[in-house]
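**Q** Following is a predicted model, sequence given first.
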Amino acid sequence: MAAVDSILNEVIAAFEAAVPGQVRSYYLLGSYADGSAVPLLSDIDLLVFLRGDGSAAQADAARQVAELCAARSPVRLDVTLRREDELSKLHAVLQRSLKSGSRLLHGEDLRPELPEIALEPFRWAVWDGALHFVLQILRGVERTEFPLRYPDPDGEFFGYDRIRVPEWYPPDFRQGTKELVATVSRLCSALLADQAAVQVAGKREAFRRYAELIGDEWTPLVNAIFEACKLRWHYRVPPDAAGRAGLHALCERTLEFENHALERCRRYFAGLIAAGSPTGQAEAEARLNRLGRNML
């Protein structure tokens, strides 16, 4: 963490030098904020709020600083820039991460100014995000048919080890499970919002609260995916026979969990369609169409 602290201090210093007095707050999000980071593989997620309503020159200067810092960082650095007047307009998932899953690094704390996040926009956002991860991140498609099939039915790990986001990994990686863990965490977040009316701020909280509040037949699987794939194997495919057999068994059951979650997803979007809101109905139909017309 000392190396990450050094990177963060350098980023803050770069902003303060390039746009002095123009940044109100710096927040650390994600795995480095909740203490579950994997060395070399977890991103540094930084949320930076600019003062005022922002000018084009201010935004351009801040963007250049963010890009330069990301290029120089030995750990993948993801800097999100927002103006302070955008605080209440943040995406619901980002709002929740800021409100209850962030660490203020420098500046004034804006979190007391953030209004309480309504459950319904959050539930929409997490189901929409989960659908994106199931389809595009794990399978590289925009649309498929329900029930799902394995990403690669003939693969040793059924395609759940396939790298689809290369920038998430060091250059020498040929296999990994970061996409798998990220997708399962988003499905857990969506199920928590749907079944328990609970909003979570990140992966670690999603897995922990799934066990606490849902505790169903899928709990051992989702716990094992987090504990083994992230915490023990650090998103790597284990080289030993016992480890590979364990990962194979986890991946073999993942498809059932995905289909279980997407059946809840179908009910959620179908309910919005039945409610008859013109805008909500069209958007919900678009989501269900991504899983085939038999979902309508």
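**A** Yes, it's here.
**Q** So Ala125 sits against Val93, correct?
**A** Yes. Ala125 lies in contact with Val93 (CB atoms under 8 Å); the separation is 5.0 Å. Backbone N, C-alpha and C define where each C-beta goes, glycine included.
**Q** Next up, the contacts around Ile214.
**A** 191-192, 195-196 (CB atoms under 8 Å, 6 or more residues apart in numbering).
**Q** swap that for Glu252, sorry
**A** Taking CB under 8 Å, 6+ apart as the test, what Glu252 contacts is Phe158.
**Q** What of Gly202?
**A** 29-31, 33-34, 97, 101, 185.
**Q** That one and Ala18, how far apart?
**A** 29 Å (CB to CB, to the nearest Å).
**Q** and what of Gln199?
**A** 35 Å.
**Q** what number of residues lie near Glu116?
**A** For Glu116, the neighbour count with other CB atoms under 10 Å is 7.
**Q** do Lys203 as well
**A** Considering only other CB under 10 Å, Lys203 is surrounded by 23 other residues.
**Q** Check which helix or strand Ala13 maps to.
**A** Per DSSP states H and E, Ala13 falls inside helix 2-18.
**Q** Can you list the helices and strands that the helix or strand following that helix packs against?
**A** Reading on from helix 2-18 to the C-terminus, the next helix or strand found by DSSP H and E is strand 23-29. Contact here means 3 or more CB pairs under 8 Å, 6 or more residues apart in numbering; DSSP states H and E; on that basis strand 23-29 packs against helix 2-18, strand 44-50, helix 92-101, strand 103-107.
**Q** Any of the contacts of Ile214 buried? List them.
**A** Buried subset of the contacts of Ile214 (neighbour count, 16 or more other CB atoms under 10 Å): 191-192.
**Q** In helices only, show me the contacts of Ile214.
**A** 191-192, 195-196 (DSSP state H).
**Q** out of the residues you listed, which one sits closest to Gly246?
**A** Nearest to Gly246 out of these is Leu191 (CB to CB; 24.0 Å).
**Q** How many residues are close by Asn223?
**A** 15.
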